[in-house]
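1. everything below, folded, please.
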Amino acid sequence: MWLTLIIVGLALLLVGVFVEAAKFLIWLGIIILVVSAVMSLLGRAKR
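-> Alright, predicted model coming up:
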């Protein structure tokens, strides 16, 4: 999911339309990536 958001954001940035929305999508993708990585690390630490 996060990869899709980042790819769509980059595509919009390259085309030059909806630049603010593109930046938002990229940041949202990065945030989701970081949160999922932290959750998986915490899940492994509990085992």
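2. burial check on Gly9, number of neighbours?
-> By the criterion of other Cβ atoms under 10 Å, Gly9 has 22 neighbours. C-beta: built from backbone N, CA, C; applies to glycine.
3. from the centroid of this structure, which residue is nearest?
-> Note on the chain: the residue nearest the mean C-alpha position is Gly29, at 1.0 Å, using Cα atoms, centre = their mean.
4. find the nearest non-adjacent residue to it, please.
-> Leaving aside its sequence neighbours, Gly29 sits nearest to Leu5 (Cβ to Cβ, 6 or more residues apart in numbering; 3.3 Å).
5. for Leu12, see how far away the one you found is.
-> Taking Cβ to Cβ, to the nearest Å as the criterion, Leu5 is separated from Leu12 by 11 Å.
6. mutual contacts of those two, please.
-> Listed as contacting both Leu5 and Leu12 by Cβ atoms under 8 Å, 6 or more residues apart in numbering are Leu25.
7. I figured the residue nearest to Gly29 hits Leu25, correct?
-> Yes: the criterion here is Cβ atoms under 8 Å, and Leu5 meets it with Leu25 at 4.9 Å.
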